[in-house]
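*Asks:* Pasted the sequence and its predicted model underneath.
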Amino acid sequence: MGEPLPTLLVPGLNCSARLYADQIPALWRFGPLLIADHTRDDSMGAIAARILNAAPPRFALIGLSMGGYIALEIMSQAPARVAKLALLDTGARADTPEQTERRHRQIELAQTGRFAEIPELLFPLLVHRNRHGDAKLKEINRLIAQDTGPEAFVRQQRAIMRRTDLRPSLATIRCPTLVLVGDGDELTPPALAQEITAGIAGARLVTVPDSGHLSTLEQPTAVTKLLVEWMGG
């Protein structure tokens, strides 16, 4: 093993460090681990700038879903600081009008005292269709939302709605890149992962069987193995 390389993990929308609970012990061997704070700003640019301000000079970068959107923004702002990039269950496109409308409805719930309803509302979209009745996953989903809270959730949604289409910038990414997606991901389906892979020279695409959007929680052993191989490569 070479010199230690810090790893920066960026959670998704309404997610906390619990999203990576199963990966953290295995990735720790490669160097210091940091969980990005993506809760305090309402634009991708500001979130990325805050994260970069707190990050080490050079690091491996892992982001899932919204974390992937932020990772791509970090690549736009400071590409030389990222030694390796892993984009999990994410996309490079801007929001569609339909997605933005759904986010407005969720913001309204959060701002009117109904934030606790959101994890239950979103759960069927977040996991593989075979896991809709998985009580353990439902509880983790509730806890990571509780970790985030309504105010941060609203800021995150506003940042996502305002994000730009980053597909044109994919060709500028030069570091080793892993693109991972669950085969049953309904929020950011495999076609979006394929699009990212096609845009980044040398990127490796891996599809995780029997997994939805929350691949790190649904298939932790498989995802951890892939990330360890990526870090050690």
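*Replies:* That came in fine, so what should we check first? Residues are numbered from 1 along each chain as shown.
*Asks:* per-residue confidence at Ala152?
*Replies:* We have a pLDDT of 98 for Ala152.
*Asks:* do the same with Met1
*Replies:* Per-residue confidence at Met1 stands at 57 (pLDDT).
*Asks:* Buried residues of the helix or strand containing Gln156, list them for me.
*Replies:* Secondary-structure element containing Gln156, defined by DSSP states H and E: helix 150-162. Using 16 or more other CB atoms under 10 Å as the test for burial, helix 150-162 gives Pro150, Ala152, Phe153, Val154, Arg155, Gln156, Gln157, Ala159, Ile160, Met161. Glycine gets a C-beta too; all of them are placed from N, C-alpha and C.
*Asks:* Closest one to Asp42 out of those residues, please.
*Replies:* Arg155 (4.3 Å; CB to CB).
*Asks:* Helix, strand, or coil at the nearest residue to the closest one once chain neighbours are set aside?
*Replies:* Spatial nearest neighbour of Arg155, excluding adjacent residues (CB to CB, 6 or more residues apart in numbering): Asp42 at 4.3 Å. Secondary structure for Asp42, judged by DSSP: H, G, I helix; E, B strand; the rest coil, is coil.
*Asks:* ok, Asp42 - contacts?
*Replies:* For Asp42, the contact set (CB atoms under 8 Å, 6 or more residues apart in numbering) comprises Val154, Arg155, Gln156, Arg158, Ala159, Arg162.
*Asks:* per-residue confidence for it?
*Replies:* So, for Asp42, pLDDT stands at 98.
*Asks:* Against Ile51, how distant is it?
*Replies:* 14 Å (CB to CB, to the nearest Å).
*Asks:* where are the low-confidence patches of the chain?
*Replies:* Applying pLDDT under 70 to the chain flags the ranges 1-2.
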